[in-house]
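*Asks:* With the sequence up front, the predicted model follows.
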Amino acid sequence: MSEVTTLRIATRKSPLAMWQAEHIKARLEAMHPGLVVELVTFTTQGDKILDVPLAKIGGKGLFVKELEAAMLDGRADIAVHSMKDVPMEFPEGLELGVICERENPQDAFVSNTYKSLDELPQGAVVGTSSLRRQCQIQQQRPDLVIKSLRGNVQTRLSKLDAGEFDAIILAAAGLLRMEMQDRLTAFIPAEQSLPAGGQGALGIEWRTGDTAVHELLKPLHDDITASCVLAERALNRRLQGGCQVPIACYAERSEDQLWLRGLVGSVDGTTVLRTENRGAAADAETLGIQAAEHLLEQGAGAILSAVYGHEVN
Ligand SMILES: NCc1[nH]cc(CCC(=O)O)c1CC(=O)O
């Protein structure tokens, strides 16, 4: 095995992205004495365009393009991603095959006044820029007013604190990773807000064929999380979805069995299609595709076409 002495991680500058890169750096350095891991920071398109809902700027890949360019031309060796933000296809020359153990995958309810979604008064204002969260909240509480909320986790919390919203919804994983659990008012159960595919899991991308780097990363791989995320991403891919569409999916694994739940809904929550599928973890990808097919049979294509502006079948 060729010796790698320095490994460079390409990362965005947001506090969560930095935390995630630092976390992987610490784990790699602990596992491989003598290895030096450096962070190379970037401001991506997604970080620059803050005033437009993500769904309108074609969210997919907006946060990863610059990082991928840096890996391809050798300015960096790996990138650490939140799996829910990672596009389905990788550019020629890059691959992702290491998925780390999942943090809590649930959505979090955050409010300075109310204890839970159910406690919100009629007409309360909830901040989220996720169509998936909007759809599920509106189905249960059509009276709530959803207002767009962009920016990194700290920005979103400061907008809540400034009184712009009665409550906001965030991924629990982001708050937990940054040790802001005191801001987490309540976990929202999957029955109330099914998470996005990949939520709470980190993945690592590197140059195809860079076997020395891959060897260093391998011990970080978690097979249980990987099988769950594989099923979720297969569902998303079949529905041509990314993070910024009203699609939710969440797989849980017990022994060698997967239980996958999926959902597609209209943004206003008036139509919400659900499915679930169970089977062997070894068939994760098939389970995801079958669940997607089942949603399409129920009419998911028409809902998604309206969001994407092109046909899904
Ligand atoms: N879309 C942004 C994003 N990407 C990953 C996380 C949280 C961490 C994770 O899911 O791994 C967040 C923040 C949020 O949705 O509140």
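*Replies:* Okay, I see it. Just so it is clear, the structure is predicted and the values come from calculations on it, not from any experiment.
*Asks:* Any stretches of the stretch 151-300 of the chain with poor pLDDT?
*Replies:* For the stretch 151-300 of the chain, applying pLDDT under 70 flags the ranges 242-244.
*Asks:* Close to the ligand: what parts of it are there?
*Replies:* 153, 170, 171, 173, 174, 199, 200, 243 (CB under 6 Å from any ligand atom). C-beta: built from backbone N, CA, C; applies to glycine.
*Asks:* just curious, which of those residues is nearest to residue 73?
*Replies:* residue 243 (26.4 Å; CB to CB).
*Asks:* What residues does the residue nearest to the spatial centre of the chain make contact with?
*Replies:* With distances taken as CA atoms, centre = their mean, the residue of the chain nearest its centroid is residue 84 (2.1 Å). Residues in contact with residue 84 (CB atoms under 8 Å, 6 or more residues apart in numbering) are 171, 195, 196, 197, 198, 199, 200, 201, 243.
*Asks:* ok, which stretches of the stretch 51-200 of the chain are helices?
*Replies:* 65-72, 131-140, 153-161, 172-177 (DSSP state H, counting those that start in this stretch).
*Asks:* Same list (these) but as a markdown table, adding distance to residue 11 and mean neighbour count.
*Replies:* Converted to a markdown table, the helices of the stretch 51-200 of the chain look like this (distance: least, CB to CB, whole Å; neighbours: other CB atoms under 10 Å):
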| stretch | distance to residue 11 | mean neighbour count |
| --- | --- | --- |
| helix 65-72 | 7 | 18 |
| helix 131-140 | 25 | 23 |
| helix 153-161 | 15 | 17 |
| helix 172-177 | 14 | 22 |
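*Asks:* quick revisit: for the residue nearest to the centre of the chain, which non-adjacent residue is closest in space?
*Replies:* The shortest distance from residue 84 to any non-neighbouring residue, by CB to CB, 6 or more residues apart in numbering, is to residue 198 (4.0 Å).
*Asks:* just checking, which of the contacts of residue 84 belong to strands?
*Replies:* Using DSSP state E, the members of these that fall in strands are residue 171.
*Asks:* can you redo the contacts of residue 84 as JSON lines with neighbour count?
*Replies:* As requested, the contacts of residue 84 are arranged in JSON lines below (neighbours: other CB atoms under 10 Å):
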{"residue": "171", "neighbour count": "24"}
{"residue": "195", "neighbour count": "24"}
{"residue": "196", "neighbour count": "28"}
{"residue": "197", "neighbour count": "33"}
{"residue": "198", "neighbour count": "27"}
{"residue": "199", "neighbour count": "28"}
{"residue": "200", "neighbour count": "25"}
{"residue": "201", "neighbour count": "24"}
{"residue": "243", "neighbour count": "24"}
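*Asks:* Residue 72 contacts residue 207, doesn't it?
*Replies:* Yes. In this structure, residue 72 is within contact of residue 207 by CB atoms under 8 Å, at 7.3 Å.
*Asks:* Could you break the chain into its assigned domains?
*Replies:* By the assignment in automatic domain parsing, the chain contains the domains 6-101+201-221, 107-188, 231-308.
*Asks:* Quick check: residues of the stretch 1-150 of the chain near the ligand?
*Replies:* 82, 84, 85.
*Asks:* and of those, the nearest to residue 273?
*Replies:* residue 84 (20.3 Å).
*Asks:* Next up, the contacts around the nearest residue to residue 36 once chain neighbours are set aside.
*Replies:* In space, and not counting its chain neighbours, residue 36 is closest to residue 6: 4.8 Å by CB to CB, 6+ apart. Residue 6 makes contacts with 35, 36, 37, 38, as judged by CB under 8 Å, 6+ apart.
*Asks:* Now do the contacts for the second one.
*Replies:* Taking CB under 8 Å, 6+ apart, we find residue 36 in contact with 5, 6, 7, 29.
*Asks:* Including pLDDT and secondary structure, could those go into CSV?
*Replies:* Formatted as CSV, the contacts of residue 36 follow (pLDDT from 0 to 100; DSSP: H, G, I helix; E, B strand; the rest coil):
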residue, pLDDT, secondary structure
5, 93, coil
6, 96, strand
7, 98, strand
29, 97, helix
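*Asks:* just the buried members of these?
*Replies:* Among the contacts of residue 36, those classed as buried by 16 or more other CB atoms under 10 Å are residue 7.
*Asks:* re the thing from before, for the residue nearest to residue 84, which residues are in contact?
*Replies:* Residues near residue 198 by CB under 8 Å, 6+ apart: 82, 83, 84, 85, 86, 229, 232, 233.
*Asks:* how far away is residue 32 from residue 199?
*Replies:* In this view, residue 32 and residue 199 are 29 Å apart by CB to CB, to the nearest Å.
*Asks:* same thing with residue 23?
*Replies:* In terms of CB to CB, residue 23 sits 17 Å off from residue 199.
*Asks:* returning to that earlier point: now the helices of the stretch 51-200 of the chain in JSON lines, with distance to residue 96?
*Replies:* Formatted as JSON lines, the helices of the stretch 51-200 of the chain follow (distance: least, CB to CB, whole Å):
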{"stretch": "helix 65-72", "distance to residue 96": "11"}
{"stretch": "helix 131-140", "distance to residue 96": "22"}
{"stretch": "helix 153-161", "distance to residue 96": "23"}
{"stretch": "helix 172-177", "distance to residue 96": "18"}
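*Asks:* Many thanks, have a good one.
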